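Here is a sequence together with a model predicted from it:
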Amino acid sequence: MKVTIKEVAKKAGVSASTVSRVVGNYGYVGEKNRKKILAVIRELDYHPNAIARSMVKKSTSTIGLVITDITNPFFAYLARGVEEVAWQHGYTLILANTDEDLTKEQAIVSALLEKQVDGLILVPASSSPTPHLQEVLKREMPLTLVDRRVKDCLVDVIMVNNQDGARQAVAYLIERGHRRIGMVYDNPEISTNMERLAGYREAFRDAGLTIPEDLVRSCQYTQQSAYAVVAQLLKVENPPTAIFTANNFMTLGAVKAVREAGLQIPTHIALVGFDDLDWNEYNLPQLTSVAQPVHEMGKVAAQRLIARLKGEKTPPLEIRLNTRFIIRQSC
Ligand code: RIB
(Lines give C-alpha, C1' and ligand atoms only; values in the text may rest on other atoms or scores of the structure.)
Protein backbone atom coordinates (compact mmCIF):
# COMPACT_ATOMS: atom_id res chain seq x y z
CA MET A 1 0.00 0.00 0.00
CA LYS A 2 1.25 3.51 -0.81
CA VAL A 3 2.32 5.50 2.26
CA THR A 4 0.07 8.56 2.64
CA ILE A 5 0.87 12.06 3.83
CA LYS A 6 -1.37 11.43 6.87
CA GLU A 7 0.81 8.48 7.98
CA VAL A 8 3.93 10.60 7.66
CA ALA A 9 2.29 13.43 9.65
CA LYS A 10 1.10 11.02 12.40
CA LYS A 11 4.51 9.41 12.81
CA ALA A 12 6.27 12.81 12.80
CA GLY A 13 3.69 14.25 15.23
CA VAL A 14 2.78 17.21 12.97
CA SER A 15 -0.19 18.16 10.77
CA ALA A 16 -0.56 16.98 7.13
CA SER A 17 -0.32 20.59 5.97
CA THR A 18 3.07 20.93 7.68
CA VAL A 19 4.29 17.83 5.81
CA SER A 20 2.80 19.30 2.61
CA ARG A 21 4.81 22.51 3.08
CA VAL A 22 8.03 20.51 3.49
CA VAL A 23 7.28 18.32 0.46
CA GLY A 24 6.13 21.23 -1.69
CA ASN A 25 9.00 23.43 -0.40
CA TYR A 26 6.72 26.42 0.28
CA GLY A 27 5.59 28.30 3.38
CA TYR A 28 7.35 28.15 6.79
CA VAL A 29 8.35 25.02 8.79
CA GLY A 30 10.61 25.10 11.89
CA GLU A 31 14.01 23.42 11.41
CA LYS A 32 13.31 20.79 14.13
CA ASN A 33 10.01 19.72 12.51
CA ARG A 34 11.53 19.84 9.01
CA LYS A 35 14.33 17.45 10.04
CA LYS A 36 11.86 15.11 11.78
CA ILE A 37 9.52 15.05 8.76
CA LEU A 38 12.36 14.36 6.30
CA ALA A 39 13.58 11.50 8.52
CA VAL A 40 10.08 9.93 8.61
CA ILE A 41 9.72 10.36 4.80
CA ARG A 42 12.95 8.37 4.35
CA GLU A 43 12.00 5.77 7.01
CA LEU A 44 8.53 5.12 5.49
CA ASP A 45 9.80 5.54 1.91
CA TYR A 46 7.03 8.08 1.24
CA HIS A 47 6.64 9.46 -2.31
CA PRO A 48 4.47 12.58 -2.61
CA ASN A 49 1.43 12.47 -4.88
CA ALA A 50 1.48 15.60 -7.05
CA ILE A 51 -2.24 15.30 -7.83
CA ALA A 52 -3.12 15.10 -4.13
CA ARG A 53 -0.76 17.98 -3.35
CA SER A 54 -2.28 20.13 -6.07
CA MET A 55 -5.68 19.71 -4.37
CA VAL A 56 -4.22 21.12 -1.13
CA LYS A 57 -2.21 23.89 -2.77
CA LYS A 58 -4.92 24.69 -5.39
CA SER A 59 -2.00 24.74 -7.85
CA THR A 60 -0.48 22.09 -10.10
CA SER A 61 2.79 24.06 -10.44
CA THR A 62 2.52 23.53 -14.19
CA ILE A 63 2.52 26.01 -17.08
CA GLY A 64 1.04 25.18 -20.49
CA LEU A 65 3.32 26.23 -23.37
CA VAL A 66 1.46 26.24 -26.71
CA ILE A 67 3.74 26.74 -29.72
CA THR A 68 3.46 26.12 -33.44
CA ASP A 69 6.00 23.33 -34.06
CA ILE A 70 8.85 22.12 -31.82
CA THR A 71 10.75 20.80 -34.86
CA ASN A 72 11.22 24.43 -35.95
CA PRO A 73 14.41 25.67 -34.21
CA PHE A 74 12.70 28.99 -33.48
CA PHE A 75 10.17 27.31 -31.19
CA ALA A 76 12.71 24.91 -29.72
CA TYR A 77 14.83 27.84 -28.52
CA LEU A 78 11.69 29.67 -27.34
CA ALA A 79 10.70 26.61 -25.27
CA ARG A 80 14.17 26.46 -23.75
CA GLY A 81 13.91 30.07 -22.57
CA VAL A 82 10.45 29.51 -21.08
CA GLU A 83 11.47 26.29 -19.34
CA GLU A 84 14.64 27.82 -17.86
CA VAL A 85 12.66 30.50 -16.00
CA ALA A 86 9.68 28.28 -15.18
CA TRP A 87 11.90 25.67 -13.55
CA GLN A 88 13.68 28.35 -11.47
CA HIS A 89 10.26 29.24 -10.04
CA GLY A 90 9.18 25.66 -9.33
CA TYR A 91 6.97 25.17 -12.42
CA THR A 92 7.10 22.33 -14.95
CA LEU A 93 5.85 22.69 -18.53
CA ILE A 94 3.21 20.88 -20.57
CA LEU A 95 4.13 21.59 -24.20
CA ALA A 96 1.84 21.30 -27.25
CA ASN A 97 2.11 22.10 -30.98
CA THR A 98 -0.71 23.82 -32.93
CA ASP A 99 0.85 23.58 -36.44
CA GLU A 100 -0.67 27.03 -37.08
CA ASP A 101 -4.08 25.33 -36.93
CA LEU A 102 -6.77 27.21 -34.94
CA THR A 103 -8.95 24.12 -34.44
CA LYS A 104 -6.00 22.31 -32.90
CA GLU A 105 -5.14 25.37 -30.82
CA GLN A 106 -8.68 25.45 -29.43
CA ALA A 107 -8.56 21.74 -28.53
CA ILE A 108 -5.16 22.13 -26.84
CA VAL A 109 -6.23 25.20 -24.82
CA SER A 110 -9.35 23.44 -23.48
CA ALA A 111 -7.33 20.31 -22.64
CA LEU A 112 -4.83 22.42 -20.68
CA LEU A 113 -7.65 24.23 -18.85
CA GLU A 114 -9.03 20.84 -17.82
CA LYS A 115 -5.58 19.80 -16.58
CA GLN A 116 -5.72 22.86 -14.32
CA VAL A 117 -2.41 24.35 -15.50
CA ASP A 118 -1.63 27.43 -13.42
CA GLY A 119 -1.07 29.60 -16.49
CA LEU A 120 -0.63 29.58 -20.27
CA ILE A 121 2.05 30.89 -22.59
CA LEU A 122 0.73 30.90 -26.16
CA VAL A 123 2.09 31.54 -29.65
CA PRO A 124 -1.31 32.25 -31.25
CA ALA A 125 -2.15 30.71 -34.65
CA SER A 126 -4.20 33.79 -35.51
CA SER A 127 -4.03 37.48 -34.56
CA SER A 128 -7.83 37.81 -34.81
CA PRO A 129 -9.90 37.34 -31.61
CA THR A 130 -10.89 33.72 -30.91
CA PRO A 131 -13.65 32.37 -28.60
CA HIS A 132 -11.28 29.99 -26.85
CA LEU A 133 -8.92 32.81 -25.82
CA GLN A 134 -11.89 34.89 -24.66
CA GLU A 135 -12.83 31.84 -22.52
CA VAL A 136 -9.32 31.79 -21.00
CA LEU A 137 -9.70 35.47 -20.07
CA LYS A 138 -13.23 34.92 -18.71
CA ARG A 139 -11.92 32.17 -16.43
CA GLU A 140 -9.13 34.55 -15.32
CA MET A 141 -6.50 32.00 -16.26
CA PRO A 142 -3.19 33.90 -16.44
CA LEU A 143 -2.19 34.10 -20.13
CA THR A 144 0.91 35.53 -21.79
CA LEU A 145 1.21 35.82 -25.59
CA VAL A 146 4.59 35.50 -27.23
CA ASP A 147 5.86 36.16 -30.78
CA ARG A 148 2.46 37.33 -32.08
CA ARG A 149 -0.34 39.48 -30.69
CA VAL A 150 -4.11 38.85 -30.75
CA LYS A 151 -6.55 41.76 -31.29
CA ASP A 152 -8.66 42.59 -28.17
CA CYS A 153 -6.76 40.03 -26.08
CA LEU A 154 -5.50 42.37 -23.36
CA VAL A 155 -2.68 40.39 -21.77
CA ASP A 156 1.11 40.72 -21.66
CA VAL A 157 2.62 40.09 -25.10
CA ILE A 158 6.30 39.68 -25.96
CA MET A 159 7.31 40.23 -29.60
CA VAL A 160 10.17 41.62 -31.63
CA ASN A 161 10.25 44.73 -33.84
CA ASN A 162 9.19 42.72 -36.89
CA GLN A 163 8.43 45.69 -39.12
CA ASP A 164 11.73 47.45 -38.47
CA GLY A 165 13.71 44.22 -38.84
CA ALA A 166 12.10 43.52 -42.21
CA ARG A 167 12.46 47.12 -43.36
CA GLN A 168 16.21 47.06 -42.56
CA ALA A 169 16.71 43.81 -44.50
CA VAL A 170 14.90 45.02 -47.63
CA ALA A 171 16.53 48.48 -47.45
CA TYR A 172 19.89 46.67 -47.52
CA LEU A 173 18.89 44.87 -50.73
CA ILE A 174 17.67 48.16 -52.28
CA GLU A 175 20.96 49.86 -51.34
CA ARG A 176 22.76 47.08 -53.24
CA GLY A 177 20.78 47.97 -56.35
CA HIS A 178 17.97 45.39 -56.22
CA ARG A 179 14.52 46.51 -57.39
CA ARG A 180 12.86 43.20 -58.32
CA ILE A 181 12.79 41.90 -54.73
CA GLY A 182 10.41 39.02 -54.01
CA MET A 183 8.86 38.33 -50.62
CA VAL A 184 7.60 34.94 -49.40
CA TYR A 185 5.58 34.49 -46.19
CA ASP A 186 3.17 31.92 -44.75
CA ASN A 187 0.16 32.44 -42.47
CA PRO A 188 -1.26 35.90 -43.41
CA GLU A 189 -3.41 35.76 -40.25
CA ILE A 190 -0.49 36.20 -37.81
CA SER A 191 0.93 39.56 -36.77
CA THR A 192 4.56 38.57 -37.44
CA ASN A 193 3.85 38.15 -41.15
CA MET A 194 1.64 41.25 -41.33
CA GLU A 195 4.37 43.34 -39.69
CA ARG A 196 7.19 41.88 -41.81
CA LEU A 197 5.17 42.53 -44.98
CA ALA A 198 4.64 46.12 -43.77
CA GLY A 199 8.41 46.46 -43.28
CA TYR A 200 9.05 45.14 -46.81
CA ARG A 201 6.67 47.74 -48.27
CA GLU A 202 8.02 50.54 -46.04
CA ALA A 203 11.55 50.00 -47.41
CA PHE A 204 10.31 50.54 -50.98
CA ARG A 205 8.30 53.60 -50.00
CA ASP A 206 11.30 55.08 -48.12
CA ALA A 207 13.36 54.68 -51.31
CA GLY A 208 10.59 56.22 -53.47
CA LEU A 209 10.26 52.96 -55.42
CA THR A 210 7.21 51.09 -56.68
CA ILE A 211 6.51 47.90 -54.74
CA PRO A 212 6.78 44.83 -57.03
CA GLU A 213 3.50 43.35 -55.72
CA ASP A 214 3.66 40.62 -58.40
CA LEU A 215 6.66 39.21 -56.50
CA VAL A 216 4.89 39.14 -53.09
CA ARG A 217 3.66 35.57 -52.47
CA SER A 218 2.10 33.74 -49.51
CA CYS A 219 2.22 29.98 -48.96
CA GLN A 220 1.53 27.29 -46.36
CA TYR A 221 3.59 26.98 -43.19
CA THR A 222 6.02 24.43 -44.66
CA GLN A 223 9.41 24.40 -46.38
CA GLN A 224 7.84 22.39 -49.24
CA SER A 225 5.21 25.06 -49.83
CA ALA A 226 7.85 27.82 -49.80
CA TYR A 227 9.96 25.78 -52.24
CA ALA A 228 7.05 25.54 -54.69
CA VAL A 229 6.24 29.26 -54.46
CA VAL A 230 9.85 30.35 -54.98
CA ALA A 231 10.22 27.94 -57.92
CA GLN A 232 7.23 29.75 -59.47
CA LEU A 233 8.74 33.17 -58.73
CA LEU A 234 11.94 32.24 -60.55
CA LYS A 235 9.96 31.48 -63.72
CA VAL A 236 8.02 34.76 -64.03
CA GLU A 237 8.83 37.21 -66.80
CA ASN A 238 11.34 39.72 -65.30
CA PRO A 239 12.14 37.40 -62.33
CA PRO A 240 13.40 38.65 -58.93
CA THR A 241 17.10 39.41 -58.47
CA ALA A 242 16.63 39.11 -54.70
CA ILE A 243 14.24 37.35 -52.30
CA PHE A 244 13.26 38.27 -48.72
CA THR A 245 11.82 35.34 -46.74
CA ALA A 246 9.60 35.96 -43.70
CA ASN A 247 10.87 33.08 -41.57
CA ASN A 248 13.29 30.18 -41.37
CA PHE A 249 11.07 27.56 -43.01
CA MET A 250 10.52 29.94 -45.96
CA THR A 251 14.30 30.45 -46.20
CA LEU A 252 14.99 26.72 -46.40
CA GLY A 253 12.38 26.28 -49.14
CA ALA A 254 13.83 29.22 -51.08
CA VAL A 255 17.42 27.89 -50.92
CA LYS A 256 16.23 24.52 -52.29
CA ALA A 257 14.24 26.14 -55.12
CA VAL A 258 17.14 28.40 -56.17
CA ARG A 259 19.59 25.50 -56.20
CA GLU A 260 17.21 23.23 -58.14
CA ALA A 261 16.82 26.01 -60.73
CA GLY A 262 20.59 25.76 -61.24
CA LEU A 263 21.14 29.25 -59.84
CA GLN A 264 23.82 30.39 -57.35
CA ILE A 265 23.32 32.62 -54.30
CA PRO A 266 24.36 35.51 -54.50
CA THR A 267 25.69 35.38 -58.09
CA HIS A 268 22.27 35.01 -59.73
CA ILE A 269 19.97 35.87 -56.83
CA ALA A 270 20.41 37.49 -53.41
CA LEU A 271 18.67 36.07 -50.34
CA VAL A 272 17.88 37.56 -46.95
CA GLY A 273 15.81 35.64 -44.39
CA PHE A 274 13.99 36.61 -41.20
CA ASP A 275 15.14 34.26 -38.39
CA ASP A 276 18.74 33.33 -38.00
CA LEU A 277 19.45 29.61 -38.09
CA ASP A 278 22.32 27.76 -36.44
CA TRP A 279 23.33 26.48 -39.85
CA ASN A 280 23.30 29.93 -41.50
CA GLU A 281 26.98 30.19 -40.65
CA TYR A 282 27.76 26.73 -42.04
CA ASN A 283 25.61 26.85 -45.13
CA LEU A 284 27.44 27.99 -48.20
CA PRO A 285 27.06 30.83 -48.85
CA GLN A 286 26.53 31.96 -45.28
CA LEU A 287 23.06 33.52 -45.15
CA THR A 288 22.40 37.18 -44.35
CA SER A 289 19.52 37.22 -41.89
CA VAL A 290 17.42 39.07 -39.32
CA ALA A 291 18.11 37.37 -35.98
CA GLN A 292 15.47 37.29 -33.25
CA PRO A 293 16.44 37.11 -29.53
CA VAL A 294 14.33 33.93 -29.26
CA HIS A 295 15.73 32.50 -26.02
CA GLU A 296 15.27 35.93 -24.37
CA MET A 297 11.69 36.10 -25.67
CA GLY A 298 10.98 32.78 -23.97
CA LYS A 299 12.53 33.93 -20.69
CA VAL A 300 10.66 37.24 -20.66
CA ALA A 301 7.36 35.48 -21.47
CA ALA A 302 7.83 33.13 -18.51
CA GLN A 303 8.85 36.03 -16.24
CA ARG A 304 5.69 37.96 -17.18
CA LEU A 305 3.41 34.96 -16.60
CA ILE A 306 4.99 34.20 -13.22
CA ALA A 307 4.59 37.86 -12.20
CA ARG A 308 0.85 37.49 -12.97
CA LEU A 309 0.73 34.17 -11.09
CA LYS A 310 2.16 36.00 -8.09
CA GLY A 311 -0.74 38.44 -8.29
CA GLU A 312 0.63 41.42 -10.25
CA LYS A 313 -2.39 43.43 -11.43
CA THR A 314 -0.72 46.17 -13.52
CA PRO A 315 -2.15 46.92 -17.02
CA PRO A 316 -1.05 44.50 -19.79
CA LEU A 317 2.44 45.10 -21.21
CA GLU A 318 3.45 45.03 -24.86
CA ILE A 319 7.18 44.20 -24.83
CA ARG A 320 9.12 44.53 -28.10
CA LEU A 321 12.66 43.16 -28.25
CA ASN A 322 15.06 44.29 -30.97
CA THR A 323 16.17 42.11 -33.86
CA ARG A 324 19.76 42.02 -35.11
CA PHE A 325 20.60 42.28 -38.84
CA ILE A 326 23.51 39.92 -39.58
CA ILE A 327 25.27 40.58 -42.89
CA ARG A 328 27.03 37.49 -44.28
CA GLN A 329 27.50 36.39 -47.89
CA SER A 330 24.11 35.78 -49.50
CA CYS A 331 23.56 39.24 -51.02
O1 RIB B 1 10.01 30.30 -37.81
C2 RIB B 1 8.84 30.54 -37.19
C3 RIB B 1 8.41 31.94 -37.39
O4 RIB B 1 7.13 32.09 -36.93
C5 RIB B 1 9.31 32.90 -36.62
O6 RIB B 1 9.72 33.92 -37.46
C7 RIB B 1 8.44 33.43 -35.55
O8 RIB B 1 8.53 34.84 -35.44
C9 RIB B 1 7.06 32.99 -35.93
O10 RIB B 1 6.29 34.05 -36.38
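That came in fine, so what should we check first?

ok, the residue in the stretch 201-331 of the chain positioned nearest to the ligand - contacts?
Sorted by distance to the ligand under CB to the nearest ligand atom, the residues of the stretch 201-331 of the chain start with Asn247, at 3.6 Å. In short, each C-beta sits where N, CA and C put it, glycine included. By CB atoms under 8 Å, 6 or more residues apart in numbering, the contact list for Asn247 reads Phe74, Tyr185, Asp186, Thr192, Gly273, Phe274, Asp275.

for the ligand, what are the nearby residues on the chain?
Residues of the chain lying close to the ligand by CB under 6 Å from any ligand atom are Asn72, Phe74, Asp147, Ile190, Thr192, Asn247, Asn248, Phe249, Phe274, Asp275.

Who wins on neighbours among the residues you listed?
Among the residues of the chain next to the ligand, Phe249 has the most neighbours (other CB atoms under 10 Å), with 29 neighbours.

Let me know whether it touches Thr222 as I believe.
Yes - between Phe249 and Thr222 there is a contact under CB atoms under 8 Å: 6.4 Å.

Identify the contacts common to those two.
Contacts common to Phe249 and Thr222, judged by CB under 8 Å, 6+ apart, are Asp186.

Within the helices and strands, which one has whichever residue of the stretch 1-150 of the chain sits closest to the ligand?
Nearest to the ligand in the stretch 1-150 of the chain, going by CB to the nearest ligand atom, is Phe74, at a distance of 3.9 Å. Phe74 is part of helix 73-88 when elements are defined by DSSP states H and E.

Helix or strand next in line after that helix, which one?
The element immediately downstream of helix 73-88 (helix or strand, assigned by DSSP H and E) is strand 92-97.

Show me what that following strand is packed up against.
Contact partners of strand 92-97 among helices and strands, from 3 or more CB pairs under 8 Å, 6 or more residues apart in numbering; DSSP states H and E: strand 62-67, helix 73-88, helix 102-114.

Let's see that with 10 Å instead.
strand 62-67, helix 73-88, helix 102-114, strand 119-122 (3 or more CB pairs under 10 Å, 6 or more residues apart in numbering; DSSP states H and E).

how about it: buried residues?
Neighbour-count burial for strand 92-97 flags Leu93, Ile94, Leu95, Ala96, Asn97 (criterion: 16 or more other CB atoms under 10 Å).

What pairs with it, parallel or antiparallel?
Strand 92-97 has the following sheet partners, assigned by DSSP bridges: strand 62-67 (parallel).

deepest of the helices and strands packed on strand 92-97, which one?
Mean neighbours per residue, mean count of other CB atoms under 10 Å, is largest over the helices and strands packed on strand 92-97 for strand 119-122, with a mean of 26.

So which elements touch it?
Strand 119-122 sits against strand 62-67, helix 73-88, strand 92-97, helix 102-114, helix 131-138, strand 143-146, helix 294-309, with contacts defined as 3+ CB pairs under 10 Å, 6+ apart.

residue contacts, Leu65?
75, 78-79, 82-83, 86, 93-96, 112, 117, 119-123, 146, 298, 301-302, 305 (CB atoms under 10 Å, 6 or more residues apart in numbering).

quick one: pLDDT of the residue of the stretch 51-200 of the chain found nearest the ligand?
Residue nearest to the ligand within the stretch 51-200 of the chain: Thr192 (3.4 Å; CB to the nearest ligand atom). In this prediction, Thr192 carries a pLDDT score of 98.

Specify the local secondary structure of it.
Secondary structure, DSSP: H, G, I helix; E, B strand; the rest coil: Thr192 is helix.

That one is in contact with Ala246, isn't it?
Yes - counting by CB atoms under 10 Å, Thr192 sits close enough to Ala246 to count as a contact (7.4 Å).

Okay, domains of this structure per the record?
5-57, 62-160+294-320, 162-292 (automatic domain parsing).

Next, Ile319: secondary structure please.
strand.

what residues are up against Asp129?
No, residue 129 isn't Asp; it's Pro. Listed by CB under 10 Å, 6+ apart, the contact set of Pro129 reads Val150, Lys151, Asp152, Cys153.

From the residues you listed, list just the buried residues.
Using 16+ other CB under 10 Å as the burial test, the contacts of Pro129 include Val150, Cys153 as buried.

Now the contacts of Pro129 in JSON lines, please, with extra columns for distance to Thr60 and secondary structure.
Output for the contacts of Pro129, formatted as JSON lines (distance: CB to CB, whole Å; DSSP: H, G, I helix; E, B strand; the rest coil):
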{"residue": "Val150", "distance to Thr60": "25", "secondary structure": "coil"}
{"residue": "Lys151", "distance to Thr60": "30", "secondary structure": "coil"}
{"residue": "Asp152", "distance to Thr60": "28", "secondary structure": "coil"}
{"residue": "Cys153", "distance to Thr60": "23", "secondary structure": "coil"}
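
Using TSV, lay out the contacts of Pro129 together with pLDDT and distance to Leu173.
Supplementary listing: the contacts of Pro129 in TSV, determined by pLDDT from 0 to 100; distance: CB to CB, whole Å:
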residue	pLDDT	distance to Leu173
Val150	97	31
Lys151	96	31
Asp152	91	36
Cys153	93	34
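
out of the contacts of Pro129, who's nearest Leu137?
Comparing the contacts of Pro129 against Leu137 with CB to CB places Cys153 closest, at 7.0 Å.

Okay then, goodbye and thanks.
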